[in-house]
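>>> Kindly generate the corresponding structure for this input.
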Amino acid sequence: MTVPALIVLPAILPLVLALAAWLARHTPSLSRALLITGTGLLLLATIGLFLAVREPGMPLRLDFGAWEKPLGISFHVDLLSAILVVVSAIVAFAGALFAASEIGRLVWAKGYGTFYFLLLAGINGAFLTNDLFNLFVWFEVMLMASFAMLVLGRRRHVFEGATQYVVINMVSSFFFLAGLGILYGKTGHLNLDELATRLVASGNDPVILSSAALLLLAFGIKAGVFPLYFWLPPAYPNTGFATAAVFGGLLTKVGVYALFRVFGGAFGFLSGFTSDLILWVGVATMITGVLGAASQFHVRRILSFHIVSQIGYIILGLGLFTQGAIAAAIFYTVHHIFVKTNLFLAAGAIASTGRSEELGRLGGILKASPLLAFLFLIPALSLGGIPPLSGFFAKFLLLRETLRAEAWVVAAIALIVGIATLFSMVKIWGEAFWKDSPRPTGPLRHRPAQLVPVAALGLLTILIGLFPGPLFELANEAARQLLASNPAYVPASQ
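Sure, this is the predicted structure:
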């Protein structure tokens, strides 16, 4: 397959599959097969793209319609983009396996498979595009697809959280468009490569600073950072488990990716202006997220607040703004995508076995399914940073960078938040698995098919923990390529 085909396939293939899924929507067995097969093909395509980027060790570029830079639409695939599309495809495949045993006939008939593929097209398009306006377009594809997935086949009370989700994301879109309008009016371009060159010469122009502030707000909402995360906890617990798993693993990471791509590259010359702000936003996000989780007694609400908390760790890397810190943040992002997706899938297995998500109504699952208990412990302990799982090295790498930057208070807070995170996971374990069931209404049973994607993602978590070197080398090279797109960045050693 040619390189141009590999570059566009992660965004184009899901669009084709979305149409096929719509035609097959009234046949559940065909819909399930198409979802699993389609996401499997997408995984193969993204692996091919990753290898194509990894082998030459330099970014790939595709200009559509023979329009040369900075005109027209272009895709830019560096190592960061390639890593994230592969990770997204793995999560999509795991979610498809779980959905096959969870989604009912009515939801398939309403087009679940179509919206699933549209969501993947939006995510991959956002990771691949090299133009801010097209990033906005892919964000809107994600928004439409995710809203549809939130409400498909759900009861009326779900619409409150879904409406809040879509309204706040429309506000984010308004900020995004306003920032783009200001930026285009000032520079005449929205291509990220061209902006990187033009903006570095602009200095602290108030117009450029206002555009940067609007984009920071827009991406902050998408990423779920403090104080803009309030849309997230009500939305995810009220949808299907496969949907919540894909949302929890990927949606906020697209916002994080936009922050890294724009403020690490084109707007990287403002690092002195933005880095301290982003650093302390990350700290506040960690604290509020973990406190929110500690106050909850519903499994998916706990996990939703921990999305917020863990995003705070990732944002620290951008706030520190060194190659080592950004590499650690990329490593943390990959770890968190796998672990958070796995925890939401495990929550689905818990609810299927215990017939509830309320901790007070759960219990006895350790006796009913020791395998589920073991598979839950892997991502739970990893989220808390217990060695030798991936979460330990993710936290270690970030803490090392905070200490190198002599950010002692930040390092102390990160350690405390890690301990509090482990407390939440122990709370779920004690209530759902360890104690006896408070409702002796018959033997607890689980669906073995649901444990397959949970086990697969758990294995990835273990492998990353046992062999962190290859992923960190990739993350370090991805950070180097990202900062190389910022003409104003000077390595600390220089």
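>>> so where's the stretch 151-300 of the chain shaky on pLDDT?
153-161, 202-203, 269-273 (pLDDT under 70).
>>> Quick one: distance of the longest helix along the chain to the chain centre.
Longest among the helix segments of the chain by residue count, using DSSP state H, is helix 323-354. Centroid separation for helix 323-354 versus its chain: 9 Å, with C-alpha atoms, centre = their mean, to the nearest Å.
>>> what is the rounded mean pLDDT of it?
For helix 323-354, the mean per-residue pLDDT is 94.
>>> What segments of this structure are strands?
Taking DSSP state E as the criterion, the chain carries its strands at 60-63, 74-77.
>>> Tabulate those (JSON lines), appending mean neighbour count and distance to Leu398.
In this view, the C-beta of every residue, glycine as well, is placed from N, C-alpha and C. Conversion of those to JSON lines gives the following (neighbours: other C-beta atoms under 10 Å; distance: least, C-beta to C-beta, whole Å):
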{"stretch": "strand 60-63", "mean neighbour count": "17", "distance to Leu398": "29"}
{"stretch": "strand 74-77", "mean neighbour count": "22", "distance to Leu398": "26"}
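>>> Surely Gln164 is in contact with Trp231?
Yes. Using C-beta atoms under 8 Å, Gln164 is in contact with Trp231, at 5.5 Å.
>>> If you count surrounding residues, which of the two has more?
Comparing Gln164 with Trp231 by other C-beta atoms under 10 Å, the one with more neighbours is Trp231, at 19 against 15.
>>> need the contact list for that one.
Applying C-beta atoms under 8 Å, 6 or more residues apart in numbering to Trp231 gives the contacts 164-165, 168-169, 221, 224.
>>> Highest neighbour count among these?
Gly224 (26 neighbours).
>>> Out of the strands of the chain, which gets the lowest mean score?
strand 60-63 (a mean of 86).
>>> What is the most widely separated pair among the contacts of Trp231?
Maximum pairwise distance among the contacts of Trp231 (C-beta to C-beta): 13.1 Å, between Gln164 and Gly224.
>>> Could I get the full set of helices for the stretch 151-300 of the chain?
For the stretch 151-300 of the chain, the helices defined by DSSP state H, counting those that start in this stretch cover 158-187, 192-199, 206-223, 232-235, 241-246, 252-261, 271-294, 299-320.
>>> quick one: the helices in the stretch 351-494 of the chain?
Along the stretch 351-494 of the chain, counting by DSSP H, counting those that start in this stretch, helices occupy 365-368, 370-383, 390-404, 408-428, 451-466, 468-484.
>>> Quick check: which helices or strands does the fifth one pack against?
Contact here means 3 or more C-beta pairs under 8 Å, 6 or more residues apart in numbering; DSSP states H and E; on that basis helix 451-466 packs against helix 79-102, helix 323-354, helix 370-383, helix 390-404.
>>> In CSV: the ones you listed, plus mean neighbour count and distance to Leu291.
Output for the helices and strands packed on helix 451-466, formatted as CSV (neighbours: other C-beta under 10 Å; distance: least, C-beta to C-beta, whole Å):
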stretch, mean neighbour count, distance to Leu291
helix 79-102, 25, 27
helix 323-354, 26, 18
helix 370-383, 22, 16
helix 390-404, 22, 18
